[in-house]
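Visitor: Curious how this folds, go ahead:
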Amino acid sequence: METRTALVTGAAQGLGQEFAVALAGRGYRVAGLDLVPQRETADRILDYVELVADVTDEAQIGGALERVLEQFGTLHVLVNNAGADPEADVEDITPEEWRRVMRVNLEAPFLMARAVLPYLKAAGRGRIVNIASAAVPTAPPTRVAYTASKAGLIGLTRALASALGPYDITVNAIAPGMVRTRTAERTGGAVGSGGGFEHVRAHQAVPGTQEPCDLVSTLLYVVDEGSGFLTGQTLDVAGGSACW
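Guide: Below is the predicted model:
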């Protein structure tokens, strides 16, 4: 079977890095896109294309895709993982910050999906996976912009699934809970005004703190060749978290 190619955004660390490594381990050729160099990710993957670009900039996205095609010749999978997750009380969210979150979490996946569409069509099939969030149903009070953007991403997922299904391209979302990454811990996820990891654990059916590796098997299932009838869905992988 043809070796497939995947592009993962936000691949420098955390979930994106684990997704890129997992796809490579499954035999995919992998390109990673992030605002910063991805040296640690590249060290873990033998044949890796490192793309430094802004997912909110159409010109930079186009240049990055040209490099992917030059290196691999085709593309089959897009994982929209890059995201922004500021924590703030609603009175403290500025319009500028709101727009930034919407651009990174909602507009960028649209721009990426539109940009890769010609390549997925040319390949004859494709998988687009959007990383949403269990924050949509739990609605943490200090992540209003983030929750709204991820709710929009779930809607975008369903709309794209309808639009792209005729081309044998599936579009699904994975909704993690609070995942222990270096970014989450650095920005206050370990404590946070809402209680952070401790609070989330108390509201899960499954005990423990979610790690990036807990999402890998779900991603591999969604992008698998045998998952062609799974589309327009949001898979909640959050330990059975209850309402906030």
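Visitor: drop to CA atoms for contacts and neighbour counts, all remaining ones
Guide: Fine.
Visitor: all strands of the protein, in order?
Guide: 5-9, 29-34, 48-52, 77-80, 126-131, 169-176, 234-237 (DSSP state E).
Visitor: could I get those strands as a markdown table with mean pLDDT, mean neighbour count and distance to Arg103?
Guide: Formatted as a markdown table, the strands of the chain follow (pLDDT from 0 to 100; neighbours: other Cα atoms under 10 Å; distance: least, Cα to Cα, whole Å):
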| stretch | mean pLDDT | mean neighbour count | distance to Arg103 |
| --- | --- | --- | --- |
| strand 5-9 | 98 | 25 | 14 |
| strand 29-34 | 98 | 26 | 15 |
| strand 48-52 | 97 | 22 | 18 |
| strand 77-80 | 98 | 26 | 13 |
| strand 126-131 | 98 | 26 | 14 |
| strand 169-176 | 96 | 25 | 18 |
| strand 234-237 | 93 | 18 | 21 |
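Visitor: Let me have those in CSV, extended by distance to Ser227.
Guide: Shown next, in CSV, are these (distance: least, Cα to Cα, whole Å):
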stretch, distance to Ser227
strand 5-9, 16
strand 29-34, 19
strand 48-52, 25
strand 77-80, 13
strand 126-131, 9
strand 169-176, 9
strand 234-237, 13
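Visitor: wait, which of those strands is closest to Glu70?
Guide: Checking the strands of the chain against Glu70 by Cα to Cα gives strand 48-52 as the closest, at 10.4 Å.
Visitor: to the chain's geometric centre, what's the distance from the longest helix that the chain contains?
Guide: Ordering each helix of the chain by length in residues (DSSP state H) puts helix 144-164 first. Mean-position distance between helix 144-164 and its chain equals 12 Å (Cα atoms, centre = their mean, to the nearest Å).
Visitor: Poorly predicted segments of the chain, please.
Guide: 1-2, 180-205, 240, 242-244 (pLDDT under 70).
Visitor: check contacts around the most centrally placed residue in it.
Guide: Centroid-nearest residue in the chain: Asn81, 2.0 Å away (criterion: Cα atoms, centre = their mean). Contacts for Asn81 were tallied using Cα atoms under 8 Å, 6 or more residues apart in numbering; they are 8-11, 15-16, 130-131.
Visitor: in the longest helix of the chain, what's buried?
Guide: Residues of helix 144-164 classed as buried: 144-158, 160-161, 164 (neighbour count, 16 or more other Cα atoms under 10 Å).
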